[in-house]
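Enquirer: here is the input, now give the coordinates:
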Amino acid sequence: QFKLIVENPEKPIASGLQLKAFVEYYPDRLEDIQDKLILLVDDDVVDIPLLGFIPYCCLEIESEIDFGQVIASNKVISKEITIANHGSSSGIFKISYDGVVLASITPASGVVKPKSKRTIQVDICTDVPRVIKEVMKVELEGRGCTEVWVKAVVVEQVLKVLGASCGKVVECINFGPVYFGTSKTEQISLYNESPENMDWVAVLEDNAIGGEMGTDLQRSTDAVLQELSLKNRDIDVSTLILCTPNQGTLLPYEKFLVTLCFSPEKFKGDFEVNDSSLKQDYVLFLRFETVGNRGGYLQALDDGATATTRNHPRHVDLALKGSGLPVMVNFNPGPEINFMDCYLDEQKEVLCTLKNESDSLPVTFSFRKAAHFNISPEKGKIKKKSAKDVMISFSPRQIGTFKMKQIIDIIGKGVDKNNLHDLKTISFHQLYLSLSGVCKAKRKKILFTINPGLTPVISNATGQFVVDGTKECTDAARGAIQCTDAAPVAMLKSAQTRIHTHQINRKCKDDALIAFPNDRATSVRPGEWDKKYRTIFTKTERYNFIDPEFAYTDCERLSIEAHKKYYDDFISSLRQRRLEKDDARQFDMYNDPVNIGIKPGEGLKSPNISITDFPKEKLQLKMPPLDDDCLLTSRKLATITSTSTNKETWSWLSPVPSSTKEKEDCSLTLTHKQLHQIFIGPSTIDFGEVCVYSTTTKELHIINNLLVHIWIQIEIEIEELQETSPLSQVVPPLTKTHVPIVFETITPGSFKRSFAYKINNQHLGHVLVVANAVPIELQLSARELILNPIPGCLAETEFRATVSVYNPRNHPAGFIWKPVTTDRKPAFSIQPTRGTVEAYSDLDCEVVWHPGFNSPEEGEFILCVRKGNAIKLKCFAKVTSQL
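Expert: Residues are numbered from 1 along each chain as shown. Alright, predicted model coming up:
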């Protein structure tokens, strides 16, 4: 098979020259051969071996596929392995797998070209936690059969609650006793014990079995039942427990610190309970859930269950316990303290005892400042079941009767919504004392001297004596009055009498100033140009001299007025700016969904209205949004979900956002709490046993419990689900809709694949589709049929019997009866000979035996199902002899 092409030289080859020879190889069979060339150089013989190889393939494959640790998320995950061909010809491979763990192997067979690689995709389904260790048998051309191991560890996504200090798993947080109006914080750690990221959200269980909402567990049963009838139990528990943060993302094996705050509030019932020592115990459950699998709420929706009957598959519950206590402080004496009468610069003291009746908590108090009263000490702390003495003194600074309302602030720690980690000191409760005292004036002995002229109330240079402390004069007609604590003084009200007024001055204006008789020494002076002076009795205008050397000019007066106006405007603008800041601060203080920026009236409190008190029609029109800082509660989620599910299902929606509102809403990045209120499921759609070549439909439910539009986009690249439509929908707020998932296949076997969807083109999710594709099949009611004669009929009468054909599949099946032929003429017939059995139904066929000479008493039929199975039916005619 080798051919040598060469021209041997006849003469010796000179030095530096060469000789070329060609060897050609022409294989005629599939085997390697070898030979040799003999080269004669002068007297030497050189053997040159010749080897001839046919083209071959050299296939190699990895021996193991390791998925590592993955979480059980009802998702089909893939990993690739390569088959390399290092040979010079194409190689064939074939993969066989007999188990049920691996979802699919693509491709299971094929050809690898020379000097190339072929990628094989292996899928596993992470539906349940388990350890996967499966083997695939791979037949490689030229190497025989080899084994490839597929390994994976599917673990449950575990979220644990650990103590912040001890690091151990905690199941209960006990806040202990806390005064109403104050707060107490505890810290925990959330631990993601799984190899993947975890999105979580906190939900407060306000309707859980075993919860207590303000019941005194130490009281008798009758007292508790009476208390329940008096209190309004429908309260918003999200104000009792605060959690910061209440949503987030945990990295693999990460610990994250979470702060819990307990802030008890005293119930306000329809009837006042006169029990100052009433204690309220609370037992609540806080559930930390993962956000990734929201279809658990809808898993049983097709079976008639509501969307809130299923618990979340991965969550951890934390019990919270605490007690709310009122402030119990008594005063002795009190609450009214009357001091003895005293004079100016004197002081009266009363010793008051403050007693703390609480046997659980101490009390920190602070007295506010009060005029004419002093307290020592103003601040202090009273231990539980203890008392403290306080000295209250009355030190009047003026004459009169004083009744003061002394406010005592009870100091505690309150929550700061901006920073829950550090509580601030607040006054959460006030106590009141009524203090009263009288300050009397000492009598003065006044000596009067002769006063030649009338003296005004304010003494001037000519006045000799002015009576101080005179009271209001009451007798104006006689011109004389009697004044208490002073000597009688004759006074005349010139403004109310005109007996001395000159006739020409009776119509003068009242804007003039009164010049007293004893001011003549200063009447000639540079006075103010715009003021007039008249005498006290005759009302005659007095002479007013204005010295031009000392008086202001008109320009100076205008400059002074402008300067004064400038500063008046400046001070007025500062005041207006301060008032605007105060208004803005007041608006921000009350700018919430309850007060909407309006300051509530003094002493007025809003009623406790539950969301269940509103009619469903009004509730569907307007739903209050959930505060970002507020915890989700199970009752709120149930109410909002029932509102959405009670609406009529929308079967057709817009595929893309069209209006401005839809575009704005669908571009939002949703928080974990918002995603937790969107239900898309069930997370696993199980078609069960379906027939090949059939079309089966199940619904994927979508419930939008938000107050904004959301855009759902379904991404399906699976050939068996290509008929699913629509793949894009804009779901309005508080709306329920569904997408029909259509499954079609022509390949029998187990089917497990998952498809993904997006919310607002950002947030990813997935749904697992499970089915068992089986071939078309028909079943017979009996494999052997005995035909008996009818009593009373003639001997040559035909024998008849009936056999039923059942279709247990979901696809119509066509069939045809074929008789099994023999050498003898068949005596059996069957009707109908062909037909179609609808899905999950049956059809009766009649078998007739025709008696005759030499008719066989046995016969066979084959039920041939189109694209399905084949069944044999044996028929026997039971012939009896008649005498």
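
Enquirer: CA only for contacts and neighbour counts going forward, please
Expert: Fine.

Enquirer: how near is residue 101 to residue 156?
Expert: 17 Å (CA to CA, to the nearest Å).

Enquirer: in the stretch 101-250 of the chain, where is pLDDT below threshold?
Expert: Where the stretch 101-250 of the chain drops to pLDDT under 70, the residues are 210-211, 214-235.

Enquirer: between residue 101 and residue 156, tell me which one has more neighbours.
Expert: residue 156 (20 against 14; other CA atoms under 10 Å).

Enquirer: so the more buried one sits right up against residue 131, yeah?
Expert: No. Using CA atoms under 8 Å as the test, residue 156 is too far from residue 131 to be in contact (11.6 Å).

Enquirer: the strands in the stretch 51-200 of the chain, which residues?
Expert: Assigned by DSSP state E, counting those that start in this stretch, the strands in the stretch 51-200 of the chain fall at 59-61, 64-71, 76-85, 91-96, 102-106, 109-112, 116-125, 130-140, 144-155, 158-163, 172-179, 184-193, 198-205.

Enquirer: please tell me how far residue 562 sits from residue 555.
Expert: 10 Å.

Enquirer: the two: which is more packed in?
Expert: residue 562 (12 against 9).

Enquirer: give me the longest helix you can find in this protein.
Expert: Scanning the chain for the longest helix, with DSSP state H as the assignment, gives helix 554-589.

Enquirer: any idea how far that one is from the chain center?
Expert: Relative to its chain's centre, helix 554-589 lies at 49 Å (CA atoms, centre = their mean, to the nearest Å).

Enquirer: please point out which parts of that helix sit buried.
Expert: Going by neighbour count (16 or more other CA atoms under 10 Å), the buried part of helix 554-589 is residue 587.

Enquirer: what's it packed up against?
Expert: The helices and strands touching helix 554-589, judged by 3 or more CA pairs under 8 Å, 6 or more residues apart in numbering; DSSP states H and E, number zero.

Enquirer: residue 360: how many residues sit nearby?
Expert: 13.

Enquirer: tell me who's in contact with it.
Expert: Residue 360 makes contact with 177, 384, according to CA atoms under 8 Å, 6 or more residues apart in numbering.

Enquirer: just say which of the strands of the stretch 51-200 of the chain is most tucked in.
Expert: strand 198-205 (a mean of 23; mean count of other CA atoms under 10 Å).

Enquirer: not counting it itself, show me its contacts.
Expert: 192, 238, 243, 246-252, 284-292, 631-635, 672-673, 676.

Enquirer: now a ChimeraX select for only the buried ones of those residues.
Expert: Remark: buried members of the contacts of strand 198-205, expressed as a ChimeraX selection using 16+ other CA under 10 Å:
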select :192,238,243,246,247,248,249,250,251,284,285,286,287,288,289,290,291,292,631,632,633,634,635,672,673,676
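
Enquirer: what part of this structure, helix or strand, is modelled with the least confidence?
Expert: One helix or strand of the chain scores below all others by mean pLDDT, DSSP states H and E: strand 480-481, with a mean of 35.

Enquirer: so which residues of the stretch 301-450 of the chain form helices?
Expert: Ranges of helices in the stretch 301-450 of the chain, per DSSP state H, counting those that start in this stretch: none exist.

Enquirer: hey, C-alpha coordinates of stretch 252-266 in CSV?
Expert: Listed next in CSV are the C-alpha coordinates belonging to stretch 252-266 (Å, rounded to 0.1, in the frame of the first residue of the first chain):
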residue,chain,number,x,y,z
PRO,A,252,-24.1,34.3,52.1
TYR,A,253,-23.4,33.4,55.7
GLU,A,254,-23.7,37.0,56.8
LYS,A,255,-24.9,38.3,60.2
PHE,A,256,-26.9,41.6,60.3
LEU,A,257,-27.8,43.5,63.4
VAL,A,258,-31.5,44.4,63.8
THR,A,259,-33.0,46.7,66.5
LEU,A,260,-36.4,45.9,68.0
CYS,A,261,-38.3,48.6,69.9
PHE,A,262,-41.2,48.0,72.3
SER,A,263,-43.5,51.1,72.8
PRO,A,264,-46.6,50.2,74.8
GLU,A,265,-49.7,52.5,74.7
LYS,A,266,-52.6,52.4,77.1
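
Enquirer: quick one: mean pLDDT over that stretch.
Expert: Stretch 252-266 shows a mean pLDDT of 89.

Enquirer: quick one: residues contacting the closest residue to residue 125 other than its chain neighbours.
Expert: Leaving aside its sequence neighbours, residue 125 sits nearest to residue 76 (CA to CA, 6 or more residues apart in numbering; 4.4 Å). Contact partners of residue 76, counting by CA under 8 Å, 6+ apart, are 103, 123-126, 752-754, 768.

Enquirer: swap in residue 702?
Expert: By CA under 8 Å, 6+ apart, residue 702 lies in contact with 678-681, 736-739.

Enquirer: domain ranges for the protein?
Expert: For the chain, the structural domains run 3-52, 59-155, 329-439, 647-774, 779-877, going by the TED database.

Enquirer: okay, how far is it across the second one, tip to tip?
Expert: The straight-line separation of the ends of domain 59-155 (CA to CA) is 35 Å.

Enquirer: just give me the longest strand of this protein.
Expert: strand 424-440 (DSSP state E).

Enquirer: returning to what we had before: of the strands of the stretch 51-200 of the chain, which approaches residue 668 most closely?
Expert: strand 198-205 (18.1 Å; CA to CA).

Enquirer: show me what the closest one pairs with in its sheet, parallel or antiparallel.
Expert: Note on strand 198-205: by DSSP bridges, its sheet partners are strand 247-250 (antiparallel), strand 280-290 (antiparallel), strand 632-633 (parallel).

Enquirer: can you put those in TSV and add distance to residue 566?
Expert: Putting those into TSV (distance: least, CA to CA, whole Å) gives the following:
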stretch	distance to residue 566
strand 247-250	56
strand 280-290	62
strand 632-633	57
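
Enquirer: so which of these comes closest to residue 422?
Expert: Taking CA to CA, strand 247-250 is the member of those nearest to residue 422, at 19.8 Å.

Enquirer: now do that closest one: everything it contacts.
Expert: Residues outside strand 247-250 that contact it (CA under 8 Å, 6+ apart): 191-192, 197-202, 256, 672-673.

Enquirer: again with stretch 429-444
Expert: Under the criterion CA under 8 Å, 6+ apart, residues 181, 327, 334-344, 394, 396, 398-411, 485 lie in contact with stretch 429-444.

Enquirer: try 7 Å this time
Expert: 334-344, 396, 399-410, 485 (CA atoms under 7 Å, 6 or more residues apart in numbering).

Enquirer: buried sites along that stretch?
Expert: Going by neighbour count (16+ other CA under 10 Å), the buried part of stretch 429-444 is 429, 431-433, 435-439.

Enquirer: repeat for stretch 830-844
Expert: For stretch 830-844, by 16+ other CA under 10 Å, it's 830, 834, 837-838, 842.

Enquirer: one more: stretch 342-353?
Expert: 342-343, 347, 350, 352-353.

Enquirer: between the residues you listed, which is nearest residue 748?
Expert: residue 353 (90.2 Å).

Enquirer: ok, now which ones touch the closest one?
Expert: Contacts of residue 353 (CA under 7 Å, 6+ apart): 331-332, 387-390.

Enquirer: among the residues you listed, which are in strands?
Expert: Going by DSSP E, the strands hold 331-332, 387-390 from these.

Enquirer: please pick the buried ones from those.
Expert: Among the ones in strands among the contacts of residue 353, those scoring as buried are 331, 387, 390 (criterion: 16+ other CA under 10 Å).

Enquirer: what are the ranges of the strands in the stretch 701-850 of the chain?
Expert: Remark: strands assigned in the stretch 701-850 of the chain by DSSP E, counting those that start in this stretch are 710-715, 728-731, 735-744, 749-759, 763-774, 779-780, 784-787, 799-806, 813-819, 828-831, 834-837, 842-849.

Enquirer: for residue 41, find the nearest of those strands.
Expert: Nearest of these (CA to CA): strand 749-759, 72.6 Å.

Enquirer: mean confidence score for the longest helix of the chain?
Expert: pLDDT averaged over helix 554-589 gives 90.

Enquirer: in stretch 381-396, what counts as buried?
Expert: 381-383, 387, 390, 392-396.
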